[in-house]
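1. Fold the following.
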Amino acid sequence: MMNSTQVSYFILTAYFDTGAFRYLYFVIIMVLYMLIVGSNVFLIVVICMNRSLHEPMYLFLCSLFVNELYGSTGLFPFLLLQVLSDIHTVSKAFCFLQIFCLYSYATEEFFSLAIMSYDRYLAICYPLQYNTRMTTHKITVLITVSWCFSSVLCLVPAALSAPLQLCGNIINKVYCDNYYIVRQSCANITVNNIYGLIGTTLAISCPVTLILFSYMKILRVCFSGCKQSRQKAVSTCTPHLVSLLNFSFGAFFEILQSRFNMSGLPNMLRIFLSVYWLTCQPLLNPVLYGLNVSNIRITCEKMLFA
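-> Numbers count the residues shown, from 1 in each chain. Take a look at the predicted model:
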């Protein structure tokens, strides 16, 4: 048994001895990180440098790409160090910093996708009033509130968990997870559990409500409108829906494998499922929006091949 004065670091037990393959894994992770950084930074620059893209949809996309960089930076540099290391430990302070970073990334991702669904609802259902309904002030408020709310929502669980008296320091993952830390507490964790339930409910219910409301309205317009309006709505919403489903899929498996005993699964598969939502989403979004949104695709082609 360990008390809180002894727990100054955590041991990440999901890593295994890869021998000479560690350098191969290092290269793969490095390439993935470079692709994520390069693609997201490129699209941010494209949007910022072209005044024709200074419209609500593209500004929301810019915020989404910034969040991809934020979440990836909270994971990939850490993975690179751990893959080359023989001792997979992390200090308590850094562990809680990573928890805040990854949790706030996930919450902001969900809120960003919800705001983007609301933006698509206004564009499709009120095309003539869109510019008066989605003003610059409203865009600023939506983006600022989503980032601030996500940060506060995720700062509280880290602040509640940090002073807990712990009886262990084992985290069976490749990165820090608040759930594993709270589960090893020797103290009363009622407050942590209550806030965890409230925070999770808010982080899920608020975006889901906005997304369902937006798409119910969009579907009503699609079914009542002409074939051309339906095709336009489908082409406009497809990248967003694919991104939303991909992130929801990754988040679902992350929650599933964290909360339930998945020891029967191969170690590599469990690691893949735990990092899927932090890897595939930042890789997928630039491809989705870079290739499927015509204005961005045309602007990228002009910048690359001019």
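
2. Against which helices or strands is the helix or strand where residue 140 lies packed?
-> Element membership for residue 140, per DSSP states H and E: helix 136-161. Helix 136-161 sits against helix 56-73, helix 92-125, helix 178-183, helix 190-224, with contacts defined as 3 or more Cβ pairs under 8 Å, 6 or more residues apart in numbering; DSSP states H and E. (C-beta placed from N, C-alpha, C; glycine too.)

3. now the angle from the second one to helix 136-161?
-> Read that as helix 92-125. Angle of helix 92-125 versus helix 136-161, following axes from the mean of the first three to the mean of the last three Cα atoms, to 10 degrees, is 150 degrees.

4. got the buried residues for helix 92-125?
-> 92, 95-96, 98-125 (16 or more other Cβ atoms under 10 Å).

5. what does the last one give?
-> Taking 16+ other Cβ under 10 Å as the neighbour-count basis, helix 190-224 is seen to contain the buried residues 192, 195-196, 199, 203, 206-207, 210-211, 214-215, 217-218, 221-222.

6. what's the distance between residue 68 and residue 162?
-> If you measure residue 68 against residue 162 using Cβ to Cβ, to the nearest Å, the figure is 27 Å.

7. Please say which of these two ends up with more neighbours.
-> residue 68 (26 against 14; other Cβ atoms under 10 Å).

8. in this structure, which segments are predicted with low confidence?
-> 1-6, 225-227, 229, 261-263, 303-306 (pLDDT under 70).

9. how near is the residue sitting nearest the centre point of it to residue 100?
-> Per Cα atoms, centre = their mean, the C-alpha nearest to the average position across the chain is that of residue 106, at 3.5 Å. In this view, residue 106 and residue 100 are 11 Å apart by Cβ to Cβ.

10. Dump the helices and strands packed on helix 136-161 to TSV, plus distance to residue 286.
-> TSV is the format used below for these (distance: least, Cβ to Cβ, whole Å):
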stretch	distance to residue 286
helix 56-73	7
helix 92-125	14
helix 178-183	29
helix 190-224	21
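
11. out of those, which comes closest to residue 278?
-> Checking the helices and strands packed on helix 136-161 against residue 278 by Cβ to Cβ gives helix 56-73 as the closest, at 6.0 Å.

12. could you check the angle helix 92-125 makes with the following helix or strand past the closest one?
-> Going down the chain from helix 56-73, the next helix or strand is helix 76-84, by DSSP H and E. Here helix 76-84 runs at an angle of 140 degrees relative to helix 92-125 (the same axes, to 10 degrees).

13. Going by neighbour count, list what's buried in helix 76-84.
-> Using 16+ other Cβ under 10 Å as the burial criterion, the residues of helix 76-84 that qualify are 76, 78, 79, 80, 82, 83.
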